[in-house]
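Novice: next one to model:
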Amino acid sequence: MRYEVSGKDIILYEDDLVLDNVLDTGQTFRWDKIGENRYFGHCLDKALEISGENGRFVLKDTTEEDFLKVWVPYFDLETDYSKLRELYSEDETLKAACEFSRGIRLLRQDRWEALICFIFSSNNNITRIKGITARLAEHYGRFPTAEELAEETPESLGYLRAGFRAKYAVDAAKKVSSKEVDLEEVAKLPYEMAKAELMKIKGVGPKVADCVLLSGMYKTEAFPLDVWMKRVMEKYYKDGLPEKFFETRGIAQLYLFNYIRKFKGEEK
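Specialist: Residues are numbered from 1 along each chain as shown. Presented below is the predicted three-dimensional model:
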């Protein structure tokens with residue numbers, strides 16, 4: 001990663017980044033495509049417009065401090081993905097997935113935001129999830145805290161049009177704000193223990209828990225299994241992923257998910 005300050009903008013030079021493969025693949029629901037290779041979105045109350053391709057990107061109207069403290073970790077810019085792809089390329093299917101899904105990176109999101117957004121993702125599609133989270137942030141003027149959301153009821157959240165997920169969001173807020181489920185402490189736990197803690201929240205099953213652990217707590221051994229990934233496992237990895245990928249299998253999952261959904265899905 002290399003960058004420079006240009007007026008009110010940050011110019012980022014990063015060969016291993018393709019915006020469409022990072023911001024529009026179901027990792028996050030708080031970004032909108034506003035032009036060719038151009039997105040506008042948020043991490044909690046921090047807004048950003050980012051555009052670019054072929055290794056050069058413009059982060060518009062952001063300070064160097066925010067870039068280093070918020071966006072460098074958010075886009076996981078200090079991780080060398082070329083080394084990960086080199087490892088994954090020892091497997092034929094993963095090699096094809098990496099070649100197809102060039103520029104994917106794991107977004108390291110705020111753990112509270114990730115929890116609520118992935119609760120809204122349960123049995124839902126990306127367009128609807130984005131609508132729910134946008135309405136929530138618009139109502140508060142930013143992404144609400146756990147304490148604020150704990151004061152709500154499923155009925156008061158009717159404007160979200162989130163259906164049964166509203167009661168799960170309220171339960172999550174109450175448990176997090178009371179520290180019954182302490183997200184900071186959960187992040188310190190070993191993977192299996194952390195997953196069990198998150199699943200104390202209503203509506204958080206194995207898949208949602210793994211999404212939160214991967215995206216919100218950077219536990220890269222977390223391996224979310226949705227319909228698409230179950231197809232991958234059934235077709236290519238009946239005995240599971242090779243053990244050598246275990247520590248970063250969550251990142252491997254990003255490549256495989258995008259590959260099976262966009263490329264193999266088109267072959268049908």
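Novice: next SSE downstream of the helix or strand containing K195?
Specialist: Per DSSP states H and E, K195 falls inside helix 191-198. For helix 191-198, the following helix or strand on the C-terminal side (DSSP H and E) is helix 206-217.
Novice: tell me what angle that next one forms with helix 191-198.
Specialist: Going by axes from the mean of the first three to the mean of the last three Cα atoms, to 10 degrees, helix 206-217 is angled at 110 degrees with respect to helix 191-198.
Novice: pull the residues that contact helix 206-217.
Specialist: With Cβ atoms under 8 Å, 6 or more residues apart in numbering as the contact definition, helix 206-217 has outside contacts at 27-28, 106-115, 118-119, 121-122, 183, 186-187, 191, 194-195, 198-199, 204, 219-220, 222-226, 250, 253. (C-beta placed from N, C-alpha, C; glycine too.)
Novice: buried subset of those residues?
Specialist: 27-28, 106-115, 118-119, 121-122, 183, 186-187, 191, 194-195, 198, 204, 219-220, 222-224, 226, 250, 253 (16 or more other Cβ atoms under 10 Å).
Novice: the longest helix in this structure is where?
Specialist: helix 126-140 (DSSP state H).
Novice: which stretches of the stretch 51-200 of the chain form strands?
Specialist: 56-60 (DSSP state E, counting those that start in this stretch).
Novice: give me the low-pLDDT residue ranges for it?
Specialist: Across the stretch 51-200 of the chain, nothing is flagged by pLDDT under 70.
Novice: can you map out the helices along the stretch 1-150 of the chain?
Specialist: With DSSP state H, counting those that start in this stretch as the criterion, the stretch 1-150 of the chain has helices at 19-23, 64-66, 72-74, 81-88, 92-100, 111-120, 126-140, 146-150.
Novice: about what we covered before: what angle do the helix holding K195 and helix 111-120 make?
Specialist: 70 degrees.
Novice: which helices and strands does helix 191-198 pack with?
Specialist: With contacts taken as 3 or more Cβ pairs under 8 Å, 6 or more residues apart in numbering; DSSP states H and E, helix 191-198 sits against helix 183-186, helix 206-217.
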